[in-house]
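A.B. asks: got a structure for you, letters missing:
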């Protein structure tokens, strides 16, 4: 006969304890374990004298919370250092925020006296894969002809200089005075001049379309220059505030010396990040492409291929369905003939 399972079960070590030991190990009718008297916390674990539950924080010694607070303050400097290192790496290799210190790019970028200067995000990755193109707004280090007569002014106080550099890195202070922001008008090998009979800049004999131009003071006449053949490996840059911009027309005495080497370009201006009222994408309208587009078909004609495609889709679908039905009928007829034979 099968024996009783309880009788066959071997005696467990805990069963050897005496009733007195068990009474010390377990407290109360609900069978909850009670802590030993050595830590002095049995009253906190089993509840208050009136049977109510103790406060949530009473179950943990105060020294645990103190240790947690101390560990946070120990980790805080590490977090700050990591954040600064990441910010440095991002701004060195991916992107950086710049503040516009002048009004030469009005009204695309604000920097005029009395207005809040724009903070722009400059993409440093793009030109590792593509070449600078006409219409791009770029930040660049001023080449030697641009800065030879205008050395940067730096504070003699090292502390002030440190905070100036930090503020510049995060777009909270003006950048190095040798950094400029302008729009590319022509690239290496092209010939640029001004102006045609309609007061437009001309590149390789074709007038530019420049909807971004701002005429400060209302004077819409541009000063004539050129023609200038842009040296290979450089770009010709001009400000959107056309009559209030010291750019390739004047820097270095103008001419080929006013062109900016591609190697001096820091990156492409992508976004206005501050102030919030100015959030937006910075236009990179290509001024050289628009004249050719004027010869293209009108907008309604550009939509004709799509309209023809939509109109022809239904007949093609019906013909396809009929062909599929005919093929299926033929296969069934052949199969029935084979079965009869």
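C.D. replies: Now that the structure is in, tell me what you want to look at. This one's a predicted model, so the numbers in the text were calculated from it and none came from an experiment. Numbering: from 1, shown residues only.
A.B. asks: how about the nearest residue to residue 229, chain neighbours excluded?
C.D. replies: In space, and not counting its chain neighbours, residue 229 is closest to residue 191: 4.9 Å by CB to CB, 6 or more residues apart in numbering. (C-beta placed from N, C-alpha, C; glycine too.)
A.B. asks: Give me the distance between the one you found and residue 110.
C.D. replies: Remark: distance between residue 191 and residue 110 (CB to CB, to the nearest Å) = 33 Å.
A.B. asks: same check, this time on residue 267
C.D. replies: Note on residue 267: its distance to residue 110, by CB to CB, is 20 Å.
A.B. asks: Of these two, which one has the most company?
C.D. replies: residue 267 (21 against 17; other CB atoms under 10 Å).
A.B. asks: which residues in this structure form strands?
C.D. replies: For the chain, the strands defined by DSSP state E cover 95-99, 119-123, 137-141, 179-187, 191-194, 201-203, 206-207, 225-229, 234-238, 260-261, 265-274, 280-281.
A.B. asks: What pairs with the fifth one, parallel or antiparallel?
C.D. replies: Partners of strand 191-194 in the sheet, by DSSP bridges, are strand 201-203 (antiparallel), strand 225-229 (antiparallel).
A.B. asks: what's the burial count for the spatially closest residue to residue 259 that is not a sequence neighbour?
C.D. replies: Spatially, and ignoring its direct neighbours in sequence, residue 259 is nearest to residue 234 (3.8 Å; CB to CB, 6+ apart). Residue 234 has 23 neighbouring residues, counting by other CB under 10 Å.
A.B. asks: ok so, going back, looking at the strands paired with strand 191-194, which is buried most?
C.D. replies: Comparing the strands paired with strand 191-194 by mean neighbour count (mean count of other CB atoms under 10 Å), strand 201-203 comes out on top with a mean of 21.
A.B. asks: what residues does that one touch?
C.D. replies: 134, 185-186, 190-196, 207-208, 210, 222, 238, 287-288 (CB atoms under 8 Å, 6 or more residues apart in numbering).
A.B. asks: Mean pLDDT and distance to residue 214 for the strands of the chain - can I get that in JSON lines?
C.D. replies: Compiled in JSON lines, these are given as follows (pLDDT from 0 to 100; distance: least, CB to CB, whole Å):
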{"stretch": "strand 95-99", "mean pLDDT": "86", "distance to residue 214": "19"}
{"stretch": "strand 119-123", "mean pLDDT": "93", "distance to residue 214": "17"}
{"stretch": "strand 137-141", "mean pLDDT": "95", "distance to residue 214": "13"}
{"stretch": "strand 179-187", "mean pLDDT": "95", "distance to residue 214": "12"}
{"stretch": "strand 191-194", "mean pLDDT": "96", "distance to residue 214": "16"}
{"stretch": "strand 201-203", "mean pLDDT": "96", "distance to residue 214": "15"}
{"stretch": "strand 206-207", "mean pLDDT": "96", "distance to residue 214": "19"}
{"stretch": "strand 225-229", "mean pLDDT": "93", "distance to residue 214": "19"}
{"stretch": "strand 234-238", "mean pLDDT": "97", "distance to residue 214": "12"}
{"stretch": "strand 260-261", "mean pLDDT": "97", "distance to residue 214": "21"}
{"stretch": "strand 265-274", "mean pLDDT": "94", "distance to residue 214": "16"}
{"stretch": "strand 280-281", "mean pLDDT": "94", "distance to residue 214": "16"}
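A.B. asks: Include distance to residue 87 when you put those into TSV, please.
C.D. replies: Listed next are these as TSV, based on distance: least, CB to CB, whole Å:
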stretch	distance to residue 87
strand 95-99	10
strand 119-123	14
strand 137-141	18
strand 179-187	19
strand 191-194	39
strand 201-203	39
strand 206-207	44
strand 225-229	40
strand 234-238	29
strand 260-261	28
strand 265-274	15
strand 280-281	23
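A.B. asks: could the strands paired with strand 191-194 go into JSON lines alongside distance to residue 89?
C.D. replies: Formatted as JSON lines, those follow (distance: least, CB to CB, whole Å):
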{"stretch": "strand 201-203", "distance to residue 89": "38"}
{"stretch": "strand 225-229", "distance to residue 89": "39"}
